[in-house]
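Colleague: Kindly generate the corresponding structure for this input.
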Amino acid sequence: MFKKIINLTLIAIIICFISILGEHFSVKTVFAHHTNLSDTIHQYERFLQEERFDTANSLLANHKEEILKFITDDVPDELQMEFLSLLDDNISNGTVDNNTKKKQALSLILAIDSVNNSNSPIWMKWKKSTEDSISAMLENKQVTDEKIIQVISNWDTMSLAMEVVLSEEQYIQLEQSYMDLDSESNGINNFEQLEVVYNEMNNAVINDEENEKDGLTFGWMILIVGGFITLTLTYVGWQKYKYDKKKRQKQTLN
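Modeller: Here you go, the predicted model:
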């Protein structure tokens, strides 16, 4: 009898645990349909790299509604206009040069990736690459106007992605450092300002409070469910012990 009770109790606990897991991961699975979106954006970028511009524009135009839905559903409200503007720039880029088309495509990829891909984000690799490039320039003391222009161009490409992942204060400080670097036209103070940019880039801590909160919540959930299982099994074991003890006493009396 008690074996049956234990089995039923364990089944009930397992069902409850699976249900809780489903609720925890339901938010995560909302983004599953965006995998195809990422594939579309990367295919779009590949077409541009191969200079198949008409094919690239057709691909993006055919998936415009999907991208618009992504922007409406998942991009923070205050950044949606910037995403929409960038999308329009990519779709209606027939009059710009090829390098600009590729830059706009990469900017769109990084921006969508910053919202859509929390596991292996491309923008983090882009940020690290930019930091390494600036570090090498400072270490070798080779700060030329051409390299400064490239650094600023890199920032223009990833700025929207960084605006997504950084706190407002961090983003404003980082953006201002790049603006100050861009304003140094004579090159005399470029080295010092580049050091400021490098420090701001290193100090830019990705805002991941939501993921940390999810991790803590899940940890507590595991502890609570585990404790509930332990208490249940202990109670059932104690009841079985009392039942067996009474049974033995009756057998002794008889």
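Colleague: hmm, who's touching stretch 36-46?
Modeller: If you take CB atoms under 8 Å, 6 or more residues apart in numbering as the criterion, stretch 36-46 is touched by 56, 59-60, 63, 66-67, 70, 90, 102, 105-106, 108-109, 112-113, 116-117. Using the backbone N, CA and C atoms, a C-beta is placed for each residue, glycine as well.
Colleague: And residue 64, how far from residue 71?
Modeller: Distance of residue 64 to residue 71, computed by CB to CB, to the nearest Å: 10 Å.
Colleague: between the two, what contacts are shared?
Modeller: Common neighbours of residue 64 and residue 71, using CB under 8 Å, 6+ apart, are residue 87.
Colleague: Specify the local secondary structure of residue 131.
Modeller: helix (DSSP: H, G, I helix; E, B strand; the rest coil).
Colleague: Settle this for me: it is touching residue 201, isn't it.
Modeller: Yes: counting by CB atoms under 8 Å, residue 131 touches residue 201, with 5.1 Å between them.
Colleague: Neighbour count: those two, which is higher?
Modeller: residue 201 (19 against 15; other CB atoms under 10 Å).
Colleague: And the closest residue to residue 150 other than its chain neighbours, how far from residue 88?
Modeller: Nearest non-adjacent residue to residue 150, counting by CB to CB, 6 or more residues apart in numbering: residue 133, 7.9 Å away. For residue 133, the distance to residue 88 equals 30 Å [CB to CB].
Colleague: Out of the two, name the residue with the larger neighbour count.
Modeller: Comparing residue 133 with residue 88 by other CB under 10 Å, the one with more neighbours is residue 133, at 15 against 11.
Colleague: picking up where we left off before, would you mind checking the contacts of stretch 36-46 for buried ones?
Modeller: Among the contacts of stretch 36-46, those scoring as buried are 56, 59-60, 63, 67, 70, 90, 102, 105-106, 108-109, 112-113, 116-117 (criterion: 16 or more other CB atoms under 10 Å).
Colleague: Out of these, the closest to residue 82 would be?
Modeller: residue 108 (11.0 Å; CB to CB).
Colleague: thinking the closest one is in contact with residue 90, fair?
Modeller: Yes: with contact defined as CB under 8 Å, residue 108 reaches residue 90; the gap is 5.4 Å.
Colleague: Tell me the predicted confidence for residue 100.
Modeller: pLDDT for residue 100: 88.
Colleague: how about the helices in the stretch 1-150 of the chain?
Modeller: Taking DSSP state H, counting those that start in this stretch as the test, the helices found in the stretch 1-150 of the chain are 2-29, 34-49, 53-62, 64-74, 80-91, 98-116, 122-140, 145-165.
Colleague: And the fourth one, what's buried?
Modeller: The one in question is helix 64-74. In helix 64-74, counting by 16+ other CB under 10 Å, buried: 67, 70, 71, 74.
Colleague: Let's have the residues you listed in JSON lines, adding distance to residue 48.
Modeller: Shown next, in JSON lines, are these (distance: CB to CB, whole Å):
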{"residue": "67", "distance to residue 48": "16"}
{"residue": "70", "distance to residue 48": "20"}
{"residue": "71", "distance to residue 48": "20"}
{"residue": "74", "distance to residue 48": "24"}
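Colleague: Low-confidence stretches in the stretch 151-254 of the chain?
Modeller: Along the stretch 151-254 of the chain, the model assigns pLDDT under 70 to residues 184-188, 205-245, 247-254.
Colleague: one more time with 80, if that's ok
Modeller: Applying pLDDT under 80 to the stretch 151-254 of the chain flags residues 184-189, 205-254.
Colleague: got it, and the stretch 1-150 of the chain?
Modeller: 1-36, 38, 93-95, 116-121.
Colleague: Find the nearest non-adjacent residue to residue 151, please.
Modeller: Residue 151's closest residue in space is residue 134 (CB to CB, 6+ apart), at 6.2 Å.
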